[in-house]
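> fold the following for me, if possible:
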Amino acid sequence: MLMDNYIHNVANVLQPILHPENPYSSIYVPAAMRGSMDLLFGVGSVAAAPPSYVAIFYSLLAASVFHLRGRADPGRQLDQLGMKFRTKAFQYVRKAFQESPARVQPQEHPNPDAAMAAIPTLITTDVMEGRMVEYWIHLNGCDQLQRQRNYGESRRQLNTIYSFLVTLSNTTLYDLLELPWSEDEFLSDLQMLFVPSTTADDSSLEYTYGITSTLASMMRLTTKLSQHISFYASCDLPLPHTLETACRILGKHISEWSVSSEPLSTIDSSDPVRLSVAKLHILAFGHALNVYYHTRIRPCEPHTMAFYVNAVAEDLQSIEVIKKSQGYRRPLSASVMWPGFIAACEAMPSQRGSGTSRIYGRLRKMSGPQETPGSVTQAKEENSGSLRPLFLGHYKYIRLLFGFGTIESACG
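Numbering: from 1, shown residues only. As a prediction, the model looks like this:
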């Protein structure tokens, strides 16, 4: 029952855009079945299966239980069962970490990517449970496995998933490491903009998270440049000319980006409904990236910020309208939270409509008093003509994060 619920419900809910090659079904489920064979069919003992497969099996069971739990869980029985499965999954992941690659025989590891795949399933369990306290531990585990092991055919897609999860998580950190700027970084950073990705697996971001590799690269670069700006702002030093130039070029690329420039090679163009939903998800990320750029790097006028916040809300509302239409005959799927989270943090009272109200309501409880439009405007005037970021104290975005630590649920 639990695996059936995961396959037919959870795996669909986790996808912003339904796709047969989504990792929740195409990678995790086969690995879980391999890990469950001894338990389900009595082939032997669970100790005979490689621990990474068993970890995925228990992790998917935990995610399924947390999905079924909902709000009604008398006696917290489902909650306790989910935590029991999650603990077992974590125990087997630790065993997978302890395996020496030299001792692993090919017949024991027909899928050498299983150890790497086990960590994202734990992250999925974090999202379904709603606690997220072990999120960064799991991302660090991915990093260790990347350094230690050789991987098989799924390596690139799994690396893409890991890289993007780190990128998203870094956007929700208020205390990122401050980095001095190196002139040598100018060309390497801009190469991220001018040299398009040629890795086919990067396109899996389109259906796994509803974003393109181009937008993901600009998101990553925005965070990185903000770390450089923060270094000079905290030291009260002028920004290097090449850093200012890099920030302006990035801003130009973000503002001029268009969904029509994306090939969307993984989305079935013969399915107009799916294509429309995909484009709206990607547009929401594109508009939210403008909000993120203006909060992290270059302040903008209130009317400009209001435009992008409204655009995100309209994109998300349009997705829900399509899903509620009579012609939409597909399993339910969920939108990625990041665009709505970023927009909700910067929304003015008049903008807190249905597109951002649920997210904003939760954030407002954490944040305490909000700035008035006048205080934000005054801060912009004080920083007029400067790239020194308002995120050092003025913007609601960082104040909310500071009060809550980090909000990794924006990644779910």
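
> following the longest helix belonging to the chain, which helix or strand comes up?
Determined from DSSP state H, the single longest helix within the chain is helix 272-296. Sequence order places helix 302-324 as the next helix or strand after helix 272-296, per DSSP states H and E.

> what angle separates whichever helix or strand comes after that following helix from helix 272-296?
Downstream of helix 302-324, the first helix or strand assigned by DSSP H and E is helix 338-346. Relative orientation of helix 338-346 versus helix 272-296 (axes from the mean of the first three to the mean of the last three C-alpha atoms, to 10 degrees): 40 degrees.

> output the contacting helices and strands for helix 338-346.
helix 155-171, helix 272-296, helix 302-324, helix 357-367, helix 396-404 (3 or more C-beta pairs under 8 Å, 6 or more residues apart in numbering; DSSP states H and E). (Each C-beta comes from the backbone N, C-alpha and C, glycine too.)

> what about 6 Å?
helix 272-296, helix 302-324, helix 357-367, helix 396-404 (3 or more C-beta pairs under 6 Å, 6 or more residues apart in numbering; DSSP states H and E).

> Q98: how many residues sit nearby?
Neighbourhood size, Q98 [other C-beta atoms under 10 Å]: 8.

> cool, and E320?
Quick note: E320 (other C-beta under 10 Å) scores 13 neighbours.

> distance of it from P272?
18 Å (C-beta to C-beta, to the nearest Å).

> same check on K224?
Counting by C-beta to C-beta - K224 and P272 are separated by 37 Å.

> neighbour count for these two, which is higher?
K224 (18 against 9).

> which helix or strand contains the nearest residue to that one once chain neighbours are set aside?
Excluding the flanking residues, the one nearest K224 by C-beta to C-beta, 6 or more residues apart in numbering is D189, at 6.9 Å. Using DSSP H and E, D189 falls within helix 185-194.

> run through who's touching that helix.
217, 221, 242, 246, 253 (C-beta atoms under 6 Å, 6 or more residues apart in numbering).

> averaged pLDDT, it. What do you get?
Taken as a whole, helix 185-194 carries a mean pLDDT of 72.

> do stretch 297-307 as well
91.

> ends of that stretch, how far apart?
18 Å (C-alpha to C-alpha, to the nearest Å).

> what comes up buried for the helix or strand encompassing S25?
Using DSSP H and E, S25 sits within helix 23-26. With burial defined by 16 or more other C-beta atoms under 10 Å, the residues of helix 23-26 counted as buried are 23-25.

> thinking again about what came up before, list the helices and strands the longest helix of the chain packs on?
Under the contact definition 3+ C-beta pairs under 6 Å, 6+ apart, helix 272-296 sits against helix 213-234, helix 241-256, helix 302-324, helix 338-346.

> could you rerun that using 8 Å?
helix 205-208, helix 213-234, helix 241-256, helix 302-324, helix 338-346.

> what's the closest of those helices to L264?
Smallest distance to L264 across the helices and strands packed on helix 272-296 (C-beta to C-beta): 6.2 Å, for helix 205-208.

> and for the closest one, what's in contact with it?
Applying C-beta atoms under 8 Å, 6 or more residues apart in numbering, the contact partners of helix 205-208 are 15-19, 21-23, 160-161, 164, 211-213, 216, 264-267, 278, 282.

> could I have the buried ones of these as ChimeraX selection syntax?
Buried residues among the contacts of helix 205-208 (16+ other C-beta under 10 Å), as a ChimeraX selection:
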select :15,16,17,18,19,22,23,160,161,164,211,212,213,216,264,266,267,278,282
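
> domain parsing for this protein?
2-153, 168-411 (automatic domain parsing).

> about what we covered before: D4: which of the buried residues of helix 23-26 is nearest?
S25 (12.8 Å).

> surely the closest one meets I7?
Yes: using C-beta atoms under 8 Å, S25 is in contact with I7, at 6.9 Å.

> list the residues that contact L61.
2-3, 6, 85.

> among those residues, which lie within strands?
Using DSSP state E, no member of the contacts of L61 falls in strands.

> okay, those in a markdown table with neighbour count, distance to Y174 and pLDDT next?
As requested, those are exported to a markdown table (neighbours: other C-beta atoms under 10 Å; distance: C-beta to C-beta, whole Å; pLDDT from 0 to 100):
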| residue | neighbour count | distance to Y174 | pLDDT |
| --- | --- | --- | --- |
| L2 | 18 | 37 | 90 |
| M3 | 17 | 39 | 92 |
| Y6 | 29 | 34 | 93 |
| F85 | 22 | 33 | 94 |
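
> now M218: how far from D268?
When M218 is compared with D268 (using C-beta to C-beta), they lie 26 Å apart.

> tell me which of these two has more neighbours.
M218 (23 against 15).

> doesn't W257 make contact with the more buried one?
Yes: contact criterion C-beta under 8 Å: M218 and W257 qualify, at 7.4 Å.

> give the residues shared as contacts by these two.
By C-beta under 8 Å, 6+ apart, the residues touching both M218 and W257 are L289.

> report the buried residues of stretch 240-257.
Of the residues in stretch 240-257, those buried (16+ other C-beta under 10 Å) are 240, 242-244, 246-247, 249-251, 253-254, 257.

> quick one: mean pLDDT over it.
On average, stretch 240-257 scores 93.

> which residues are contacting that stretch?
181, 183, 186, 189-190, 193, 214-215, 218, 221-222, 225, 228-229, 232, 286, 289-290, 293, 297-298, 387.

> only whichever of these are buried, select them in PyMOL.
Selecting only the buried entries of these in PyMOL, with 16+ other C-beta under 10 Å as the criterion:
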select buried, resi 181+186+189+190+193+214+215+218+221+222+225+228+229+232+286+289+290+293+297+298+387
